[in-house]
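S.K.: any chance you could fold what I've pasted below:
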Amino acid sequence: MTPRTTRTLLVLVLAATLIATWFAPEEAGNDVELSTRATATPAAAIERRPPRETNRRLRDEAVEVLPIHPRGEVGEEGALLFAPMSWAPPRVESAPVEAIAAPVVEPVETPTAPPLPFLVLGRYMDRGRSFVFLQYMDQNLAVAVGDTIADAYRVEKLEGNTLMLRYLPLNELQTLEVGGIQ
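M.R.: All right, here's what the predicted structure looks like:
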């Protein structure tokens, strides 16, 4: 909007407000009653007493005046209002401190390799090298010494009817009976 349009709009709103107040109906009746204190003149509402009478009244009445304490007085509540504070719990000298027993820690069992997940299907010898046929899950495998199976087992050696497998995550040796060559 341009400044001229804005000014014109404000003048029209002002004119409409003035016309609305000119033609507004008169107040018919007001149901609100003012209290006697509100209707009294301000001078009559204030009770005027001579200063001597006020001082005499204050002397006659029991007025409690709180004493002023010097800063840093220990023992009074709020005396050290701005003193540095500690978050540590308060020390209690009179109560004996109970010793809290350390929780009993059960010895943690050292992890062991799971049972071998292989089923021996047979053995085979080719050009002086021995192979063992194993079933692992849905796979049939032919493994020899030095092979790694499923990134978890390595074939270490084959002696007689025993296949030595190393479980790699725990570096633990396990044995599997494979039977003789036929």
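S.K.: what about Tyr153, how many neighbours?
M.R.: 23 (other Cβ atoms under 10 Å). For every residue, glycine as well, the C-beta is placed using N, CA and C.
S.K.: quickly find the element holding the closest residue to it other than its chain neighbours.
M.R.: With sequence-adjacent residues excluded and distances taken as Cβ to Cβ, 6 or more residues apart in numbering, Tyr153 is closest to Leu165, at 4.9 Å. Applying DSSP states H and E as the criterion places Leu165 in strand 162-167.
S.K.: for that strand, which strands pair with it and how are they oriented?
M.R.: strand 153-159 (antiparallel), strand 172-177 (antiparallel) (DSSP bridges).
S.K.: deepest of those, which one?
M.R.: strand 153-159 (a mean of 16; mean count of other Cβ atoms under 10 Å).
S.K.: neighbouring contacts of that one?
M.R.: The set of residues external to strand 153-159 that reach it, using Cβ atoms under 8 Å, 6 or more residues apart in numbering, is 116, 130, 132, 143-149, 163-168, 173, 178.
S.K.: quick one, strands of this protein?
M.R.: Using DSSP state E, the strands of the chain run over 118-126, 129-136, 139-143, 148-149, 153-159, 162-167, 172-177.
S.K.: where does pLDDT dip in the protein?
M.R.: Within the chain, the stretches with pLDDT under 70 are 27-63, 69-83, 92, 94-97, 180-182.
S.K.: for it, what spans make up the helices?
M.R.: 3-22, 36-39, 42-45, 51-60 (DSSP state H).
S.K.: so which of the strands paired with strand 162-167 is nearest Leu66?
M.R.: strand 172-177 (80.8 Å; Cβ to Cβ).
S.K.: which outside residues touch that closest one?
M.R.: 112-113, 116, 118, 120, 156, 161-167.
S.K.: in JSON lines: those residues, plus distance to Trp87.
M.R.: Formatted as JSON lines, the contacts of strand 172-177 follow (distance: Cβ to Cβ, whole Å):
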{"residue": "Thr112", "distance to Trp87": "48"}
{"residue": "Ala113", "distance to Trp87": "50"}
{"residue": "Leu116", "distance to Trp87": "58"}
{"residue": "Phe118", "distance to Trp87": "61"}
{"residue": "Val120", "distance to Trp87": "67"}
{"residue": "Glu156", "distance to Trp87": "60"}
{"residue": "Asn161", "distance to Trp87": "71"}
{"residue": "Thr162", "distance to Trp87": "66"}
{"residue": "Leu163", "distance to Trp87": "65"}
{"residue": "Met164", "distance to Trp87": "61"}
{"residue": "Leu165", "distance to Trp87": "58"}
{"residue": "Arg166", "distance to Trp87": "55"}
{"residue": "Tyr167", "distance to Trp87": "51"}
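S.K.: looking at the residues you listed, which one is closest to Pro3?
M.R.: Looking across the contacts of strand 172-177 and measuring by Cβ to Cβ, the closest to Pro3 is Tyr167, at 85.9 Å.
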